[in-house]
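K.L.:
Got a predicted structure plus its sequence, pasted below:
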Protein chains: 2
Amino acid sequence: MTDKQRHSWVSIRDSIREMILNSTYGPGDKLPRDEEFAAQFGCARSTVHRAMRDLAQSGLVERRRKGGTTVRRDPVTRATLNIPITRLEVEQKGSTYGYQLIRQSVQPTSPAIMANFALPEARPMLRVEALHLADSRPYIFEDRWICLETVPEITSVDLTRESANEWLVRNRPYSRCDLRLYARPGSASDSEILQSNPGDALFVMERTTWIGEAPITSLSAVAHPGYQLFTQG
Amino acid sequence: MTDKQRHSWVSIRDSIREMILNSTYGPGDKLPRDEEFAAQFGCARSTVHRAMRDLAQSGLVERRRKGGTTVRRDPVTRATLNIPITRLEVEQKGSTYGYQLIRQSVQPTSPAIMANFALPEARPMLRVEALHLADSRPYIFEDRWICLETVPEITSVDLTRESANEWLVRNRPYSRCDLRLYARPGSASDSEILQSNPGDALFVMERTTWIGEAPITSLSAVAHPGYQLFTQG
DNA sequence: GACATTATTATGTAGCTACATATTAATGTA
DNA sequence: TACATTAATATGTAGCTACATAATAATGTC
């Protein structure tokens, strides 16, 4: 009678990871088939499969049907960013949240926004410029474009009271989100809105979302000097 | 005889997501049990389970044993960052990669690095300052600390030829990675190394990794002006 | 030999059962 | 009433079978 202890997929995953890290299998090598691993570990193929899926998702191995599983030649660092509603971010730091609508107007899509959405032609969109505050100090300034064809209800929302950020996130789940992060020097208008000094280094988050193929919103959020973005382990 | 078409977990997930988005279930609401959904959709509980796991991972719902599944009151945007080896990043842009070791020395941990690792006391570490180049132009400058207790072999690696980035990623998989992103104005030494102008806005990525509880490396990578970080959809 | 067709193969998914685990609700006892 | 113990419950996981799918290898035809 063989030893029939239960193997968790986590322990299987760790065993395989260990083998990769101690060079039993090196970069580019083909790993045994799931079934072979299952026999080796004395567990079911489904358990190996789950372990492998996790390793593949974390970027350590690559899987292809028929092709089998190979150790990635060039491992990537994968990190998950958690971007909450700005109000919550502020409140979780123990600060008081404030919000201020600056401008709002219907405009045809600018070339930059068309590029973000990969749109071939301009569409009518609502452009909303607003400021998020923490303890009455500027926190994040957002310049947002909302597609009126996809989100017509936005015109009947009072954006002086509720931020477009909050309304959209609560009412319009998205199926795809593109993110772009970079630094840029603060302009004169930045320093006016964010009460920063001209030439300050500003952290910019550009975010574009779709539901299916339909564009929802594209925005550039400029944070106050000193802002930091973390991963949540 | 009931209609026995196969339901993929993806379609089940999308159906449930759709219900949440069209307010069949609102923020904070408790969703039916997996079994009930399974009966409703005419599929197995395991299929609903997989759909739910995905929704939970993407941040739309929260699951708790016995507590059931609830729609998150405050949805978060979750994005996965793909951070490849710097050499690959450069090569994938079609540029020629270059590498240059600037300084290397054994030092006791600085307070900032101790904080990154959450270490109670200083440990001997190898500090490596190096520059990554794209088409002979500065691309990313990294200031890296490597824990000698966890990675003693690093002392026998010729870091003038191989970057610590590459050696570590190939030889030392990690189990935990903390990431911090921010912008900071370039200092005089930055502008010398990165050939930037003083006052340029620089994008900084701080990365700290562990294997189990043991610290591996902590680094601050400063990118050349104009650098952008993307999510890979 | 070039190209279309047909096996082969390893991963991916759906469905089932059984049991594990965490957490809440119910119950019993001082 | 207060607190410990026990039952109930929804999700989580392991194992199994069967079939789907994609990609490669083998084969056949001109």
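P.N.:
Nice, thanks for sending it over. Please read these numbers as outputs of a predicted model, since none were measured by experiment.

K.L.:
Tell me the residues of chain A that contact DNA strand D?
P.N.:
Contact residues (Cβ under 7 Å from any atom of the strand) of chain A with DNA strand D: A:6-11, A:42-47, A:50, A:64-67. For the C-beta atoms, the positions are set from N, CA and C on the backbone; glycine is no exception.

K.L.:
Mind giving me the PyMOL command for buried ones among those?
P.N.:
In PyMOL syntax, the buried subset of those is picked out as below (16 or more other Cβ atoms under 10 Å in any protein chain shown):
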select buried, chain A and resi 7+9+43+47+50
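
K.L.:
In helices, which of the residues of chain A next to DNA strand D fall?
P.N.:
A:9-11, A:45-47, A:50 (DSSP state H).

K.L.:
Among these, which one sits closest to DNA strand C?
P.N.:
A:S46 (6.1 Å; Cβ to the nearest atom of the strand).

K.L.:
near DNA strand C, which of the residues of chain A next to DNA strand D show up?
P.N.:
A:46, A:64-67.

K.L.:
mind listing what's buried in stretch A:13-33?
P.N.:
So for stretch A:13-33, counting by 16+ other Cβ under 10 Å, buried means A:13, A:16-17, A:20-21, A:25, A:31.

K.L.:
hmm, that stretch touching DNA strand C?
P.N.:
Yes: contact of stretch A:13-33 with DNA strand C (Cβ under 7 Å from any atom of the strand) involves A:31, A:33.

K.L.:
mind showing which ranges of chain A have poor pLDDT?
P.N.:
Within chain A, the stretches with pLDDT under 70 are A:1-6, A:232-233.

K.L.:
Can you name the residue of it nearest to DNA strand D?
P.N.:
Closest point on chain A to DNA strand D, by Cβ to the nearest atom of the strand, is A:S8, at 2.6 Å.

K.L.:
any idea how far A:G94 is from the residue nearest to the spatial centre of chain A?
P.N.:
The centroid of chain A falls nearest to A:L81 when counting by Cα atoms, centre = their mean (5.5 Å). Distance of A:L81 to A:G94, given as Cβ to Cβ, to the nearest Å: 22 Å.

K.L.:
Might one say that A:E62 is in contact with A:T70?
P.N.:
Yes: contact criterion Cβ atoms under 8 Å: A:E62 and A:T70 qualify, at 5.3 Å.

K.L.:
Which of the three states applies to A:A122?
P.N.:
Put simply, A:A122 is coil when judged by DSSP: H, G, I helix; E, B strand; the rest coil.

K.L.:
quick one: the helices in chain A?
P.N.:
A:9-21, A:34-41, A:45-57, A:86-92, A:111-117, A:164-171, A:188-194.

K.L.:
CA atoms only: put stretch A:172-186 into CSV for me.
P.N.:
Output of stretch A:172-186 as CSV, limited to C-alpha atoms (Å, rounded to 0.1, in the frame of the first residue of the first chain):
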residue,chain,number,x,y,z
ARG,A,172,-19.5,50.9,-15.1
PRO,A,173,-17.3,47.9,-14.6
TYR,A,174,-14.8,47.5,-17.4
SER,A,175,-13.5,44.4,-19.1
ARG,A,176,-10.1,45.9,-20.1
CYS,A,177,-7.9,48.4,-18.5
ASP,A,178,-4.6,49.8,-19.9
LEU,A,179,-2.3,51.6,-17.5
ARG,A,180,0.7,53.9,-18.2
LEU,A,181,2.9,55.4,-15.5
TYR,A,182,5.6,58.0,-15.9
ALA,A,183,7.1,61.1,-14.4
ARG,A,184,6.9,64.6,-15.8
PRO,A,185,8.0,68.0,-14.7
GLY,A,186,5.2,70.2,-13.4
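
K.L.:
Walk me through the domains of chain A.
P.N.:
A:9-71, A:86-223 (automatic domain parsing).

K.L.:
what would those domains look like in CSV with distance to B:R184?
P.N.:
Converted to CSV, the domains of chain A look like this (distance: least, Cβ to Cβ, whole Å):
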stretch, distance to B:R184
domain A:9-71, 28
domain A:86-223, 5
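
K.L.:
Give me whichever of the ones you listed is most buried.
P.N.:
A comparison of those by mean neighbour count, using mean count of other Cβ atoms under 10 Å in any protein chain shown, puts domain A:86-223 on top with a mean of 17.

K.L.:
If we ignore the residues flanking it in sequence, what's nearest A:S95?
P.N.:
A:A134 (4.1 Å; Cβ to Cβ, 6 or more residues apart in numbering or on different chains).

K.L.:
wait, that neighbour sits on A:Q92?
P.N.:
No: checked against Cβ under 8 Å, the pair A:A134 and A:Q92 is beyond contact range at 10.7 Å.

K.L.:
What sits closest to A:A223 if chain neighbours are left out?
P.N.:
A:F203 (4.5 Å).

K.L.:
residue contacts, the one you found?
P.N.:
A:181, A:183, A:222-223, A:227-229, B:181-183 (Cβ atoms under 8 Å, 6 or more residues apart in numbering or on different chains).

K.L.:
hmm, back to that, and the helices of chain A: which comes nearest B:R87?
P.N.:
helix A:9-21 (20.5 Å; Cβ to Cβ).

K.L.:
Pull the distance from that closest one to the chain's centre.
P.N.:
27 Å (Cα atoms, centre = their mean, to the nearest Å).

K.L.:
swap in stretch A:197-210?
P.N.:
Distance, centroid of stretch A:197-210 to centroid of chain: 15 Å (Cα atoms, centre = their mean).

K.L.:
Export only the CA atoms of that stretch, formatted as PDB.
P.N.:
Extracted C-alpha coordinates of stretch A:197-210, given in PDB (Å, rounded to 0.1, in the frame of the first residue of the first chain):
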ATOM      1  CA  ASN A 197       6.400  74.400  -7.400                       C
ATOM      2  CA  PRO A 198       7.100  74.700 -11.100                       C
ATOM      3  CA  GLY A 199       9.700  72.100 -12.000                       C
ATOM      4  CA  ASP A 200       8.500  69.700  -9.300                       C
ATOM      5  CA  ALA A 201       8.600  66.100 -10.400                       C
ATOM      6  CA  LEU A 202       5.000  64.800 -10.800                       C
ATOM      7  CA  PHE A 203       3.900  61.200 -10.900                       C
ATOM      8  CA  VAL A 204       1.300  60.600 -13.700                       C
ATOM      9  CA  MET A 205      -1.000  57.600 -14.000                       C
ATOM     10  CA  GLU A 206      -2.800  57.300 -17.300                       C
ATOM     11  CA  ARG A 207      -5.700  54.900 -17.300                       C
ATOM     12  CA  THR A 208      -7.900  53.800 -20.200                       C
ATOM     13  CA  THR A 209     -10.900  51.400 -19.900                       C
ATOM     14  CA  TRP A 210     -13.200  49.500 -22.200                       C
END
